[in-house]
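In: below are the sequence and a predicted model; questions follow.
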Amino acid sequence: MTLEVVSLPLGAYQTNCFVVTAQGSTDAVVIDPGDEAGRITDVLAERGLTLVAILVTHGHLDHIGAVRDLAAATGVEVWMARGDADDLRSFEPAPYDPEHLVGGGDTVSVAGIDFRTFDVPGHTAGSVAFATDGVAFVGDVLFAGSIGRTDLVGGDLDTLIESIALLMRELPPETVVAPGHGPATTLEHELASNPFLEPLR
């Protein structure tokens, strides 16, 4: 399967929101709608896409800010990292109770796409990554040349490195990493060059 992935940097933190479709399909998945719900719906309309699911990697405000408004505008359900779901439920500006809680080992099948779910704590206690067909949507676990912060509640550096090691073991080295901020990269490139991953080399 060939995927089409559109990255939309949204909000004050320029958090990557991803619109994902299987080539030839008009059904779309949105991953981490952090802000600007109207901009997301505009992009869907411009591309003639119908949103069928919202996936959320973790509970930080810059990744969940538009979940409620986008779900309300489209009538779709939300798949949320189980360990961070309370962050969304209690998100003061726009609380939302996700319909589906997911964790490592689960497969989310939406829009004709099967997303494997991995538990990748360390940035938050409940972060997950969604991987499918050569792309891993990793939230704020791994970036091009860097890794996620570990100084916030639920963060732990050793745990984060082990989570990245898990992705390295389970996914092909050429897997594209679609991170929560900044440009895409690949697992093999980060393993070879990322200064924070020296313990894994």
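Out: Sure thing, it's come through.

In: got the contact list for the longest helix along the chain?
Out: In the chain, with assignment by DSSP state H, the single longest helix is helix 157-170. Residues outside helix 157-170 that contact it (Cβ atoms under 8 Å, 6 or more residues apart in numbering): 118-123, 127, 129, 131, 136, 138, 141-142, 147-148, 150, 175, 187, 190-191, 196-197, 199-200. Glycine gets a C-beta too; all of them are placed from N, C-alpha and C.

In: same check on stretch 1-16?
Out: Outside stretch 1-16, the residues within contact range by Cβ under 8 Å, 6+ apart are 17-23, 32-36, 39-40, 43, 47, 62-63, 65-66, 112-113, 132-135, 178-182, 184.

In: ok, of those residues, which come out buried?
Out: Neighbour-count burial (16 or more other Cβ atoms under 10 Å) applied to those gives 17-22, 32-36, 40, 43, 62-63, 65-66, 113, 132, 135, 178-181.

In: helices - which of these land there?
Out: Mapping those onto helices (DSSP H) picks out Ile40, Val43, Asp62, His63.

In: would TSV of those with distance to Leu70 be doable?
Out: Formatted as TSV, those follow (distance: Cβ to Cβ, whole Å):
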residue	distance to Leu70
Ile40	6
Val43	11
Asp62	15
His63	12
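
In: now distance to Trp79 and pLDDT too, for those, in CSV please.
Out: Output for these, formatted as CSV (distance: Cβ to Cβ, whole Å; pLDDT from 0 to 100):
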residue, distance to Trp79, pLDDT
Ile40, 16, 98
Val43, 20, 98
Asp62, 19, 98
His63, 13, 98
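
In: show me what contacts Asp87?
Out: Listed by Cβ under 8 Å, 6+ apart, the contact set of Asp87 reads His58, Gly59, His60, Ile64, Thr124.
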